[in-house]
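Enquirer: What follows is a protein structure lacking sequence information:
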């Protein structure tokens, strides 16, 4: 389907000033999703837009009596954060990525950073997961080396962050994917904490990651429904999610 069936609907009038965008859509170990939601809460970012598309299942989020769209955009004039409280069906990935990159280009965004995980078999034995970077252009490697982030030199990438890097490369929008060692089948707050530590360094932020580590078990329990969705996402996969609470608001 064409990306014309997907729309970014603004809720607030924001005067963007060369913003940096961060995406943390559900993926391996939910590292990016957990990190993006903690980033939003820590910085007190307000919802500025949401994604509207018939490609998504008919699901809305209710919080404190307020109806919210499951895929939302938070931010201010300098920072934009994309997050989702449902797993994304394969049919929505291409239209979503194309529309987001097109929108960011129209805002004169200067960088997109994708947050995600990569499964490792010995994750239980790893106290602090390593974070690697994949870049849309080799020139960004020097900047990352200053932040002591190793850039992946060989290999394959897949999933929504691969689509973001591809579309950003086509559009001429600088893009970096931060990839943390992660559990495959368990929500991984530790991986999310390392992603945010790297993001703090790159963007000169001061997001406290201690709550992610101190409340790791609670976060895992909150995130388990979203991880189940992510694992089973396929046509008809959302038939039984009505009783599953959204990740951000439990």
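Expert: Yes, it's here. As the structure is a computational prediction, the values presented were derived from the model and not from experiment.
Enquirer: With residue 51 as the reference, measure out to residue 107.
Expert: Applying CB to CB, to the nearest Å, the value for residue 107 to residue 51 is 16 Å. For the C-beta atoms, the positions are set from N, CA and C on the backbone; glycine is no exception.
Enquirer: actually residue 5, not the one I wrote
Expert: From residue 5 across to residue 51, the span is 11 Å (CB to CB).
Enquirer: more crowded one of those two?
Expert: In this view residue 5 and residue 51 are compared by other CB atoms under 10 Å, and residue 51 has more residues nearby, 23 against 13.
Enquirer: Isn't that one up against residue 10?
Expert: No - Residue 51 lies out of contact with residue 10 (CB atoms under 8 Å); the separation is 11.4 Å.
Enquirer: Quickly list what's touching both of those two.
Expert: By the contact definition CB atoms under 8 Å, 6 or more residues apart in numbering, residue 51 and residue 10 are jointly contacted by no residue.
Enquirer: Would you mind listing the residues in contact with residue 119?
Expert: Residues in contact with residue 119, defined by CB under 8 Å, 6+ apart, are 28-29, 182-184.
Enquirer: Strands - which of those residues land there?
Expert: For the contacts of residue 119, membership in strands holds for residue 182, with DSSP state E as the criterion.
Enquirer: Among the contacts of residue 119, find me the one that's closest to residue 94.
Expert: Comparing the contacts of residue 119 against residue 94 with CB to CB places residue 28 closest, at 19.5 Å.
Enquirer: Now do stretch 103-118, average pLDDT.
Expert: Stretch 103-118 shows a mean pLDDT of 96.
Enquirer: quick one: the strands in this structure?
Expert: Under DSSP E, the chain gives strands at 7-10, 20-23, 46-52, 61-63, 66-68, 71-75, 79-84, 111-119, 131-135, 150-151, 175-182.
Enquirer: could I get these as a markdown table with distance to residue 96?
Expert: Formatted as a markdown table, the strands of the chain follow (distance: least, CB to CB, whole Å):
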| stretch | distance to residue 96 |
| --- | --- |
| strand 7-10 | 10 |
| strand 20-23 | 10 |
| strand 46-52 | 7 |
| strand 61-63 | 17 |
| strand 66-68 | 18 |
| strand 71-75 | 8 |
| strand 79-84 | 9 |
| strand 111-119 | 13 |
| strand 131-135 | 19 |
| strand 150-151 | 26 |
| strand 175-182 | 15 |
